[in-house]
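1. no sequence for this one, just the structure:
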């Protein structure tokens, strides 16, 4: 939310924050119900077939968490025989279906990340995969602290996991894209980005 507000303020855009269900967010953009997606959407080749993106505004790896009482690697071998939860219509669903489902791991899909996290905490899942930022926030919550810990990062696959999160826009909106790219560069240069990044995270979220 702070990033969204910072982008709108720096770009001098009159933004209205509009929650949209994740599996309908790209159709909402292409049908002009919304004008931008600022919601940790990864830039992938598949999505670029339908929409365009600004430059990345962060790039963090995908990770797996699980119960503190269990020790396993975030690999097909480590998760064999287990059930992993992912949010539907995400790069994590695609990744899990490619690497885990074909190797003896049950992949369970959820409409929201919170639902997957809640099932993990309740013992109905063995693991959850998501972006490390989202999982870090959960692990710092009272519920997450009690139940779970980080098992590690999954093996990278740029074709699926993308090249970082960007602001989604409709194709052909080059003027808006240029303004957003300049805005991202500006808030990184003037310290705004570092201020809210360090407020919430103890690691570099921008990447290389």
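-> Received the coordinates, thanks. In this text the structure is predicted, and so the values were computed from the model without any measurement.
2. what distance separates stretch 42-52 from the centre of its chain?
-> 14 Å (Cα atoms, centre = their mean, to the nearest Å).
3. which residues sit against it?
-> Stretch 42-52 is contacted by residues 26, 29-30, 37, 41, 53, 56, 91, 159-166, 168-173, 177 when judged by Cβ atoms under 8 Å, 6 or more residues apart in numbering. Just so you know, the C-beta spots here come from the backbone N, C-alpha and C atoms, and that holds for glycine as well.
4. now what about the worst-scoring helix or strand of the chain on mean pLDDT, what contacts it?
-> Ranking every helix and strand in the chain by mean pLDDT, DSSP states H and E puts helix 192-200 at the bottom, with a mean of 89. Outside helix 192-200, the residues within contact range by Cβ under 8 Å, 6+ apart are 2-3, 6, 10, 57, 137, 187-188, 205-206.
5. Now with 7 Å, please.
-> For helix 192-200, the surrounding residues in contact (Cβ atoms under 7 Å, 6 or more residues apart in numbering) are 2-3, 6, 187, 205.
6. Could you identify the buried members of those residues?
-> Among these, those classed as buried by 16 or more other Cβ atoms under 10 Å are 3, 6, 187, 205.
7. Quick check: longest helix in the protein by residues?
-> helix 174-189 (DSSP state H).
8. Just give me the closest of the contacts of helix 192-200 to residue 151.
-> Nearest to residue 151, judged by Cβ to Cβ, of the contacts of helix 192-200 is residue 205 at 19.9 Å.
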